[in-house]
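Peer 1: My questions are about this predicted structure, shown below with the sequence.
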Amino acid sequence: MFLRRLVQGDSDLDSQPASKMPVFSIDAALRLRLPHWHPDFPFLVAWAQKAGCTSVLKWFLYQVDHLDRASRYMSDSPGLDIHSYEMEVFKAGPAYKASVAEALQKGLPVINFVRCPYQRAFSSYMQIHNRFYINQEHKGIDSPGIRTRRSVLRFVYGEDVSVEYPVSFLEYLQWLEQSVPAELDPHHSPQHSAIYRYPGIRHYRLEDFDAVSRDLAQEYGLKPADAGQLGAGHHRGKSQMTATVALKLLVRGISLNASPRFPLPRVTPELLAGTEFEAVIQRIFREDIALYDSLPTLR
């Protein structure tokens, strides 16, 4: 069996006196990201934006027989329709939150997948590189993404400028470091949240999702899932390039109007080792990194 009880709560809890140990609060745990939950499902699923959230959601909806209707759902809201289904249908209304709180009170397990914080930081940077922002700006259309890009641009240039002005990965990280985490769009805030203090949470690396989901199916009698069916479908592949080219690209920044085929680097701890990128990411995502690095790789 791959599954085992892994890190629980805050990454540095062991070093804290018992009197200062953070207390788990259901209200705090449900404030940022509502876990996926269904009364016929044996555990809850915690998640974070830019950490495989679409694939994890598809897998969960498939297990509770909601994936077909979610795939057919069409919303007027910006963003992916399956996430609109999640918030506008599946989790709509106070009864859902109350049922999640009750499940936590009963002590049901929580499964969570943690993404490499370095890769996630770059993915969050790319989150503000939507080519359609140019058209949205011309038409006066507002969205959380364009608001975030404008905030970054004001930090970089000192005043309001066109959304087409470039932003480097380092400038994005510097903006992120001076921001208040609680005020950030969750696509940019750390994965670590109050639900990590829950005693029954089990963390796994996101890249082990296929292995873990197979083992969860065996442990809990879930339906086997086809990985091809559950892919996010909207992520851009990363290209092979030398470290020199990749780092220069990160320093210069990605054009907002880059084509979908524009080659992107694969951002890893190894690529950023010894750079200012690494130092800033380690300061911003200290808890995420400590948790991720503590988890065994399952193969």
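Peer 2: Cool, the structure landed. Residues are numbered from 1 along each chain as shown.
Peer 1: Run the chain-centre distance for the helix or strand hosting F113.
Peer 2: Assigned by DSSP states H and E, F113 belongs to strand 110-114. Taking the mean of its C-alpha atoms, strand 110-114 sits 11 Å from the chain's own mean (C-alpha atoms, centre = their mean, to the nearest Å).
Peer 1: Can you report how many residues lie near the nearest residue to Q191 once chain neighbours are set aside?
Peer 2: Nearest residue to Q191, sequence neighbours excluded (C-beta to C-beta, 6 or more residues apart in numbering): A48, at 4.1 Å. For glycine as for every other residue, the C-beta is placed from the backbone atoms N, C-alpha and C. Neighbour count for A48, taken as other C-beta atoms under 10 Å: 24.
Peer 1: got the contact list for A48?
Peer 2: Listed by C-beta atoms under 8 Å, 6 or more residues apart in numbering, the contact set of A48 reads R33, R115, P186, Q191, S193.
Peer 1: L61 too?
Peer 2: Under the criterion of C-beta under 8 Å, 6+ apart, the contact list for L61 reads L67, A70, I82, F90.
Peer 1: The last one: how many residues sit nearby?
Peer 2: Read that as F90. 21.
Peer 1: who's in contact with it?
Peer 2: So F90 contacts L61, H66, A70, Y96 (C-beta under 8 Å, 6+ apart).
Peer 1: And the last one, its phi and psi?
Peer 2: Read that as Y96. phi -60, psi -50 (degrees, to the nearest 10).
Peer 1: my guess is it contacts L34, does it?
Peer 2: Yes - at 7.2 Å, Y96 counts as touching L34 under the criterion of C-beta atoms under 8 Å.
Peer 1: Those two - which one has more neighbours?
Peer 2: Comparing Y96 with L34 by other C-beta under 10 Å, the one with more neighbours is L34, at 19 against 14.
Peer 1: Helix, strand or coil: sort out that one for me.
Peer 2: Secondary structure, DSSP: H, G, I helix; E, B strand; the rest coil: L34 is coil.
Peer 1: any idea how far F24 is from it?
Peer 2: 16 Å (C-beta to C-beta, to the nearest Å).
Peer 1: picking up where we left off before, what is the mean pLDDT for the strand holding F113?
Peer 2: Averaging pLDDT along strand 110-114 gives 98.
Peer 1: What's the first helix or strand after it?
Peer 2: Next in sequence after strand 110-114, counting helices and strands by DSSP H and E, comes helix 117-127.
Peer 1: how much space between the nearest residue to P22 once chain neighbours are set aside and V110?
Peer 2: Once flanking residues are discounted, P22 sits nearest to R197: 5.4 Å by C-beta to C-beta, 6+ apart. From R197 over to V110 the distance is 11 Å, taken as C-beta to C-beta.
Peer 1: And these two? Which one has more around it.
Peer 2: V110 (24 against 19).
Peer 1: who's in contact with that one?
Peer 2: V110 makes contact with P35, F43, L44, V45, A46, L104, I195, Y198, G200, I201, R202 under the criterion C-beta under 8 Å, 6+ apart.
Peer 1: What of A46?
Peer 2: If a contact means C-beta under 8 Å, 6+ apart, then A46 has R33, P35, V110, I111, N112, I195, I201 as its contacts.
Peer 1: again, 10 Å this time
Peer 2: By C-beta atoms under 10 Å, 6 or more residues apart in numbering, the residues touching A46 are 29, 33-36, 56, 110-114, 191, 193, 195-196, 198, 201-203.
Peer 1: can you pull the contacts of the closest residue to it other than its chain neighbours?
Peer 2: Take A46 and drop its neighbours on the chain: the residue closest to it by C-beta to C-beta, 6+ apart is N112, 3.9 Å away. Residues near N112 by C-beta under 10 Å, 6+ apart: 6-7, 35, 44-48, 51, 56, 191, 193, 195-196, 198, 201-204, 206, 291.
Peer 1: now swap in P42 and tell me
Peer 2: Q63, L108, P109, I111, L216, E219, Y220, G221, L222.
Peer 1: Distance-wise, check it relative to K248.
Peer 2: P42 is 49 Å from K248, by C-beta to C-beta.
Peer 1: how far out from the middle of the chain is the longest helix anywhere in the chain?
Peer 2: Ranked by number of residues, the top helix in the chain under DSSP state H is helix 144-157. Helix 144-157 sits 20 Å away from the centroid of its parent chain (C-alpha atoms, centre = their mean).
Peer 1: could you point out which element follows it?
Peer 2: Proceeding N to C from helix 144-157, the next assigned helix or strand is helix 169-178, under DSSP H and E.
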